[in-house]
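**Student:** I would like to see how this sequence folds:
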Amino acid sequence: MGHASRGTTRVFHPHPVPPTASLTAMSTRSPNSEAPYVVVTHDPNIVPKHIVAACFDGGGVHAIAAVVVLKAIMDRLEAELYVPQADRLHEHFDMLAGTGTGGLLALLLGRLRVTLDVDEIANIYKNIFQDASVSRRGTRIKQNMQNIVGKYEPVHKADAPLLDMRGDAIAVFVLAPQIDDAAGTPKIMRSINPDSSATIVDAALAICAAQTELSASSRFKNFSSSKKVKKLSGDGSMGHNNPTLLLIREARKIYGPGVRFGLLLSVGSSTEKGTKTSPQEHVP
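**Tutor:** Numbers count the residues shown, from 1 in each chain. Modelled structure (predicted):
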């Protein structure tokens with residue numbers, strides 16, 4: 001196959017595979033990204049649960065490249081199954097994770113179930129950040145995000161909880177650094193945490209906040225009334241631009257230490273230079 005976007009290539013299994021195993025035979029790789037691209041194919045002789053997961057790097061507007069890559073994979077699956085797949089991610093993925101604008105993508109696809117359409121998601125990004133000048137960015141992004149959530153969550157509208165109670169829910173988690181943590185440990189906001197009172201808008205605001213443009217002062221109060229969100233003011237991609245290792249840890253918490261990945265898809269933003277991984281980021 002050819003290049004999908006910004007140096008990201010698609011690799012497909014050369015041999016026919018059963019439809020239910022199609023996703024396990026697909027992976028993406030960006031040779032210039034910091035992401036550890038890992039694919040562990042399903043071994044039917046192993047008892048522990050095998051899951052399908054994807055994580056999306058931060059990278060500002062370049063996060064749209066992740067949409068292009070994922071769309072190409074789902075198009076290939078659609079060609080094999082002869083069934084439209086653009087709105088069926090919840091039937092194939094168990095977990096989605098992201099940081100920065102990649103976290104926003106995880107929310108859109110996993111929690112709001114926005115159709116996997118490049119133009120539609122690009123327009124959503126545009127609508128979220130339009131007219132968001134530095135002085136009023138918090139207020140404008142909040143208003144724009146409320147409008148988008150209201151469109152896709154007609155029952156709860158802008159107050160739709162991050163917690164997803166649907167039986168076929170995808171476990172979604174997004175990262176945002178905490179301003180009161182000198183070590184830069186990210187706050188993980190989860191769609192499967194029953195103790196969380198955060199809304200989808202809260203999560204989106206936490207990962208969209210830019211530290212260079214917002215502070216913990218009065219400006220940031222416009223972001224949300226949630227105490228949890230007020231602790232977050234950094235761009236979610238700072239320090240943890242690739243959330244793959246944290247996704248693995250989350251999978252172990254949810255499914256147990258014996259969990260296996262039928263597919264672990266890490267879509268990078270194709271930066272020319274990667275960020276060095278700190279010792280504590282290595283998974284034992």
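**Student:** is Ile188 in a bridge, and if so with what?
**Tutor:** With DSSP bridges as the criterion, Ile188 is bridged to Leu175.
**Student:** neighbours around it, how many?
**Tutor:** By other C-beta atoms under 10 Å, 16 other residues sit near Ile188. Quick note: C-beta positions are derived from backbone N, CA and C, even for glycine.
**Student:** ok, it - contacts?
**Tutor:** Contact analysis of Ile188 by C-beta atoms under 8 Å, 6 or more residues apart in numbering lists Phe173, Val174, Leu175, Leu246, Glu250.
**Student:** for Val52, state which of these is nearest.
**Tutor:** Glu250 (14.1 Å; C-beta to C-beta).
**Student:** using the three-state scheme, assign Leu263.
**Tutor:** strand (DSSP: H, G, I helix; E, B strand; the rest coil).
**Student:** against Ile192, how distant is it?
**Tutor:** Distance of Leu263 to Ile192, given as C-beta to C-beta, to the nearest Å: 20 Å.
**Student:** if you count what's nearby, which of those two comes out ahead?
**Tutor:** More crowded of Leu263 and Ile192, by other C-beta under 10 Å: Leu263, with 25 against 17.
**Student:** that one against Ala53, yeah?
**Tutor:** Yes: between Leu263 and Ala53 there is a contact at 7.1 Å, judged by C-beta atoms under 8 Å.
**Student:** need the strands for the stretch 151-284 of the chain, in chain order.
**Tutor:** With strands called from DSSP state E, counting those that start in this stretch, the stretch 151-284 of the chain shows them at 171-177, 186-190, 260-267.
**Student:** what angle do the first one and strand 186-190 make?
**Tutor:** Relative orientation of strand 171-177 versus strand 186-190 (axes from the mean of the first three to the mean of the last three C-alpha atoms, to 10 degrees): 160 degrees.
**Student:** elements contacting strand 171-177?
**Tutor:** Packing partners of strand 171-177 (3 or more C-beta pairs under 8 Å, 6 or more residues apart in numbering; DSSP states H and E): strand 95-99, helix 101-106, strand 186-190, helix 200-208, helix 244-255.
**Student:** what's in contact with the second one?
**Tutor:** Read it as helix 101-106. With C-beta under 8 Å, 6+ apart as the test, helix 101-106 has contacts from 55-63, 66-67, 96-98, 121, 125, 128, 172-176, 203-204, 207-208, 236-237, 243, 267, 269.
**Student:** overlap in contacts, Leu263 and Ala53.
**Tutor:** Contact criterion C-beta under 8 Å, 6+ apart; residues shared by Leu263 and Ala53: none found.
**Student:** scan this structure for its longest helix.
**Tutor:** Determined from DSSP state H, the single longest helix within the chain is helix 64-81.
**Student:** buried residues in it, which are they?
**Tutor:** Within helix 64-81, the residues scored as buried using 16 or more other C-beta atoms under 10 Å are 64-74, 76-77.
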